[in-house]
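# build me a model from this:
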Amino acid sequence: LALCRGRIVRVPKGPLIRVLGTEVAIPCSVSDYDGPSEQNFDWEFSREADFVRIVSTWDSTFTSEEYQKRVGRGDIKLRRSSNDAVELVIRNIQPADQGRYKCSTPSTDATVQGNYDAEVQVKVISDGLSVSGSKARSSTSLRLSEGDSFKLRCSATTTSPEHTHLHVTWQVKSGSSWRDILSLTHEGKFQPGPGYEERYRSGDIRLDTGANDTYRLSVSQASSADGGAYRCLVSEWVRGADGSWQKIQEKNVEIATVSIQRTDVVISTSNVSVTERDSLDLTCNITTDRSGIFQAEVMWYFSASPDDTLSDAQLLLSMDHDSVVSDSTLISLSHVDRNSYRLLVRDVDVEDSGYYFCEAAIWVPLHNGSWHKVVERTSAPVSVVVTALEPDYDVFLNASKTPKFSDDPTEINCRITNVQDTEANIRFTVSWYYRQHLPGDDVVAEELLASMDADWTLLLGDRGRERIQNGEIIFYKKSADTFSMRIQWTSESDRGDYFCVISAWSRHRNNSWVKSKDVTSTPVNIFWATQDYTLTVEAVKLKPFFVAGHTFEMTCKVSSKNIKTPRYSVLITAEKPLTDQSSPNGTTRIISLNQDSVVRLEDWTDQTRVDGVVLEKVQENEFRYRMYQTQISDAGLYRCVVTAWSPGGGGMWREAVNGLSNPIQIDFQTSGPVFNVSVHSDSPTIYQGEVADLLCIITMEGMPLEPDDMSFDVSWFAVRSFALDREPILLASLDRRGIVTQSRRNGSSDLSLERISPLEFRLRVHGCEDHDFGNHYCVVTPWVRSATGVWQREPDIKAKPIFLSVKMDVLNAFKYPLLIGIGLATVIGLLSCLIGYCSSRWCCKKEVQETRRERRRLMSMEMD
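Predicted coordinates for the structure are as follows:
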């Protein structure tokens with residue numbers, strides 16, 4: 001394919017048949033070329049033998065003398081459609097333009113390959129297409145009513161010498177553009193235009209052919225959208241040499257102008273407002289210019305929204321075209337005159353408020369005596385507002401109990417007064433609201449506390465929902481005209497304005513209750529003067545000097561103001577130096593005592609000294625903290641965090657204020673030894689399956705100690721990465737009592753940890769695997785026995801990590817697989833030989849009958 005690739009110039013397959021006087025466009029394209037993307041084209045023409053140059057895309061002097069005028073006027077021009085395609089356009093083609101047209105492209109290729117020109121034959125035929133409308137002049141303008149039918153005719157013939165087909169399309173123009181209605185294509189198929197498919201399938205739009213080459217358009221059930229100018233568009237098509245259809249010309253003629261008189265349905269009354277128990281009177285008027293016999297079908301609908309459809313609306317009453325009215329008790333429908341229908345609704349209720357509209361359909365008689373519906377319209381909705389008969393009453397709000405202090409009760413009464421014009425079908429409910437009281441003119445939205453519906457069911461608001469459910473806020477009806485609200489224990493957050501809304505509900509015909517009126521009371525302000533809580537905490541160190549191993553003791557004295565019968569909860573905290581890794585943020589919660597004198601250990605994690613800290617209540621406002629057998633690691637700043645509590649509602653305690661004491665410092669001045677830790681390995685690089693030895697070596701500086709006076713907790717960690725960018729993994733630990741603890745391992749390797757000298761600890765990894773690599777280090781916690789015999793814990797010491805590399809023994813790894821493979825190959829080869837031998841010896845043996853030959857000696861030529 002690569003060897004056969006070359007430039008290809010294409011023109012349509014001829015001959016091209018075109019009609020005299022029309023515009024002709026002959027395309028030419030080139031592909032598979034080298035050089036620039038935009039190619040140039042030359043066009044030439046020949047009637048018999050020699051070609052005459054017409055026009056070129058790149059040479060303005062290319063045109064011959066006989067074509068210069070037509071090219072200058074634009075009657076002949078080139079129209080480029082892409083970089084590799086142009087069209088030769090000839091306007092008003094004449095018989096002299098019949099002949100051969102050649103399109104050629106100048107070479108831009110590195111080598112000459114393919115074809116560089118192509119020819120096409122153009123044949124010019126005479127114009128034999130004739131299109132005309134109806135001969136009757138009265139048909140040029142039609143005035144119809146909506147739902148009528150009409151027919152339009154046009155005639156189209158052709159005397160073309162070629163075998164051509166006609167394509168007939170009926171079009172309508174209602175605006176600025178023509179729309180296709182129905183077409184009979186050149187292939188003999190009917191094709192409805194966009195939007196006319198359903199009407200074509202139902203038979204409302206048809207296209208029929210008649211005598212004398214006439215084409216009749218029939219339209220049934222005409223609507224207002226069918227109005228406009230109608231024309232008949234006819235095009236002539238011929239089948240080309242390549243089998244495709246080509247349109248060679250097109251003509252049209254306007255047939256008629258059709259106007260459709262719209263049928264409207266209007267309710268004579270606009271928006272209506274009536275009083276409850278009165279009658280509602282609405283009239284539906286049908287506007288039509290029909291003069292013949294027709295009957296109307298009317299249906300009245302009710303909807304709560306003006307946007308509802310007929311399927312969502314409620315059918316009130318209907319009258320068919322035979323004047324038969326559906327039955328209803330309170331609603332009647334009457335025929336006022338030929339085009340008016342009256343709806344009367346008696347004893348209206350508030351529920352009758354909404355939107356009313358009527359739907360009307362026009363029926364006309366057919367020849368067989370049946371009735372046919374020609375048009376259907378729906379009126380615009382009319383808004384009807386039914387005004388309820390509201391009762392007249394006032395609302396008075398007062399506070400029977402107001403709080404003087406926090407947690408005192410509050411009671412508010414909402415009373416209905418001056419009740420007038422109320423019926424037995426009136427019911428009252430209440431809604432309670434709270435509004436925060438702010439100084440100045442600041443406006444704050446009210447918050448709903450609770451409300452009652454028509455069935456006297458209590459509905460809770462978002463504010464105080466939990467307190468209402470717990471019984472801290474109570475709503476009840478004290479008498480027939482009084483509703484009350486009681487707050488059992490009033491807090492500072494309850495201070496503000498309270499008001500109530502009394503709602504009147506009316507019973508309707510269907511026994512449902514509808515709200516008819518709301519009356520809001522004047523607000524009542526709940527407020528009492530308060531003073532800010534104050535709390536002072538002082539920490540005192542009882543023993544000014546002590547050494548490690550002794551008992552640390554301090555007291556916390558609390559004083560408060562403006563707190564009613566307070567109780568205190570105490571928390572002891574310690575701020576350790578930044579070198580202590582037990583608490584990353586530097587503050588440790590040690591022990592606490594709540595307001596009920598319940599003691600709790602917080603973050604105290606030293607299991608050997610569980611009973612080493614004590615917090616007790618000495619007096620109502622004094623607390624004492626003791627820490628026995630203090631160690632050097634206990635150094636830091638100690639504080640008392642005190643919270644004052646006051647009694648709240650329901651026997652609960654409410655937090656009032658917090659206080660923090662001054663710090664008490666524990667500092668040990670010691671000149672003991674200094675420990676250093678390092679990790680060593682003779683072979684940091686090992687092979688898989690070998691044993692790795694890692695030594696944790698402790699060195700001591702300063703004052704020497706006896707081995708019996710010091711002990712160590714040793715923990716080994718590993719980071720499985722070349723860089724220390726992952727979390728360390730605990731491998732094993734050895735405490736100062738000699739108990740070894742190992743973490744859970746996933747591989748087959750094993751660990752051992754032992755003490756080989758007073759200051760050396762060895763970690764062994766047996767049967768190393770590839771996942772045992774990484775940075776390994778040890779963490780040592782020294783314990784030193786003081787002169788008093790108390791063991792003191794020193795700060796943790798971390799050694800510098802050493803990297804352990806695990807390599808694979810290639811020979812040992814492949815030794816057994818190679819031996820197994822060679823053995824299996826030998827066994828399979830011997831088995832194959834045995835099977836082949838047995839098959840050839842017994843299974844495939846064949847008896848061959850050889851022809852017996854006589855053994856005669858040759859005779860000499862002379863004897864023969």
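
# outline the domain layout of this protein.
The record's domain parsing of the chain by the TED database lists 7-125, 129-261, 265-387, 392-526, 534-666, 674-810.

# how about JSON lines for these, with mean neighbour count and distance to residue 833 added?
Using the backbone N, CA and C atoms, a C-beta is placed for each residue, glycine as well. JSON lines is the format used below for the domains of the chain (neighbours: other CB atoms under 10 Å; distance: least, CB to CB, whole Å):
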{"stretch": "domain 7-125", "mean neighbour count": "16", "distance to residue 833": "61"}
{"stretch": "domain 129-261", "mean neighbour count": "16", "distance to residue 833": "70"}
{"stretch": "domain 265-387", "mean neighbour count": "16", "distance to residue 833": "89"}
{"stretch": "domain 392-526", "mean neighbour count": "15", "distance to residue 833": "92"}
{"stretch": "domain 534-666", "mean neighbour count": "16", "distance to residue 833": "74"}
{"stretch": "domain 674-810", "mean neighbour count": "15", "distance to residue 833": "34"}
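
# dump the ones you listed to TSV, plus distance to residue 825 and mean pLDDT.
Converted to TSV, these look like this (distance: least, CB to CB, whole Å; pLDDT from 0 to 100):
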stretch	distance to residue 825	mean pLDDT
domain 7-125	57	89
domain 129-261	67	87
domain 265-387	83	81
domain 392-526	82	85
domain 534-666	61	83
domain 674-810	21	86
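
# I'd like those domains laid out as CSV, including distance to residue 830.
Output for those, formatted as CSV (distance: least, CB to CB, whole Å):
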stretch, distance to residue 830
domain 7-125, 63
domain 129-261, 72
domain 265-387, 89
domain 392-526, 89
domain 534-666, 69
domain 674-810, 30
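
# right, and the ones you listed - which one's nearest residue 816?
domain 674-810 (12.1 Å; CB to CB).

# need the helices for the stretch 101-250 of the chain, in chain order.
197-202 (DSSP state H, counting those that start in this stretch).

# output the longest strand belonging to the chain.
As assigned by DSSP state E, the longest strand anywhere in the chain is strand 245-261.

# for that one, which strands pair with it and how are they oriented?
Within its sheet, and counting by DSSP bridges, strand 245-261 is paired with strand 141-145 (parallel), strand 228-239 (antiparallel).

# what sits against residue 110?
residue 34 (CB atoms under 8 Å, 6 or more residues apart in numbering).

# what bridges to the closest residue to residue 634 other than its chain neighbours?
Once flanking residues are discounted, residue 634 sits nearest to residue 666: 5.9 Å by CB to CB, 6 or more residues apart in numbering. For residue 666, the beta-bridge partners are residue 636 (DSSP bridges).

# from residue 530, how far out is residue 666?
41 Å (CB to CB, to the nearest Å).

# center of the chain - which residue?
Nearest residue to the geometric centre of the chain (CA atoms, centre = their mean): residue 307, 29.1 Å.

# which parts of the stretch 251-400 of the chain are strands?
Using DSSP state E, counting those that start in this stretch, the strands of the stretch 251-400 of the chain run over 264-267, 272-275, 280-287, 295-303, 314-319, 331-337, 340-345, 354-365, 371-378, 382-387, 392-401.

# among those, which comes closest to residue 783?
For residue 783, the closest of the strands of the stretch 251-400 of the chain is strand 392-401, at 67.6 Å, according to CB to CB.

# C-terminal to whichever helix or strand residue 804 is part of, what's the next element?
For residue 804, the host element (DSSP states H and E) is strand 802-807. Helices and strands here follow DSSP H and E; after strand 802-807, the next one along the chain is helix 810-838.

# for residue 42, find the nearest of the strands of the stretch 251-400 of the chain.
strand 371-378 (65.1 Å).

# what are the contacting residues of that closest one?
For strand 371-378, with CB under 8 Å, 6+ apart as the criterion, the contacting residues are 146-148, 221, 223, 263-265, 286, 294-295, 297, 310, 321, 357-366.

# ok, which of the domains of the chain comes nearest residue 818?
Closest approach to residue 818 among those (CB to CB): domain 674-810, 11.4 Å.

# and that closest one, how far out from the chain's middle?
Its chain's C-alpha centre and that of domain 674-810 lie 54 Å apart, by CA atoms, centre = their mean, to the nearest Å.

# residues in contact with the residue nearest to residue 634?
Residue 666 neighbours (CB under 8 Å, 6+ apart): 552, 630, 634, 635, 636, 638.

# excluding its backbone neighbours, what's nearest the first one?
Closest residue in space to residue 552, ignoring its immediate chain neighbours: residue 627 at 4.4 Å, by CB to CB, 6+ apart.

# again with the second one
Computed as CB to CB, 6+ apart, the closest residue to residue 630 that is not its neighbour in sequence is residue 552, at 5.1 Å.

# ditto for the fourth one
Among residues not flanking residue 635 along the chain, residue 666 sits closest, at 5.2 Å (CB to CB, 6+ apart).

# tell me which element the closest residue to residue 525 other than its chain neighbours is part of?
Residue nearest to residue 525 in three dimensions, not counting chain neighbours: residue 497, with 5.3 Å by CB to CB, 6+ apart. Residue 497 belongs to strand 496-507 when assigned by DSSP H and E.

# could I get that strand in PDB with only the CA atoms?
Extracted C-alpha coordinates of strand 496-507, given in PDB (Å, rounded to 0.1, in the frame of the first residue of the first chain):
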ATOM      1  CA  GLY A 496     -36.200  38.200  77.400                       C
ATOM      2  CA  ASP A 497     -39.700  39.000  76.000                       C
ATOM      3  CA  TYR A 498     -42.500  36.500  75.900                       C
ATOM      4  CA  PHE A 499     -45.800  36.800  74.100                       C
ATOM      5  CA  CYS A 500     -48.700  34.600  73.000                       C
ATOM      6  CA  VAL A 501     -50.900  34.400  69.900                       C
ATOM      7  CA  ILE A 502     -54.500  33.200  70.200                       C
ATOM      8  CA  SER A 503     -55.900  31.600  67.100                       C
ATOM      9  CA  ALA A 504     -59.600  31.200  66.300                       C
ATOM     10  CA  TRP A 505     -60.600  28.100  64.300                       C
ATOM     11  CA  SER A 506     -63.900  27.700  62.400                       C
ATOM     12  CA  ARG A 507     -65.600  24.300  61.700                       C
END
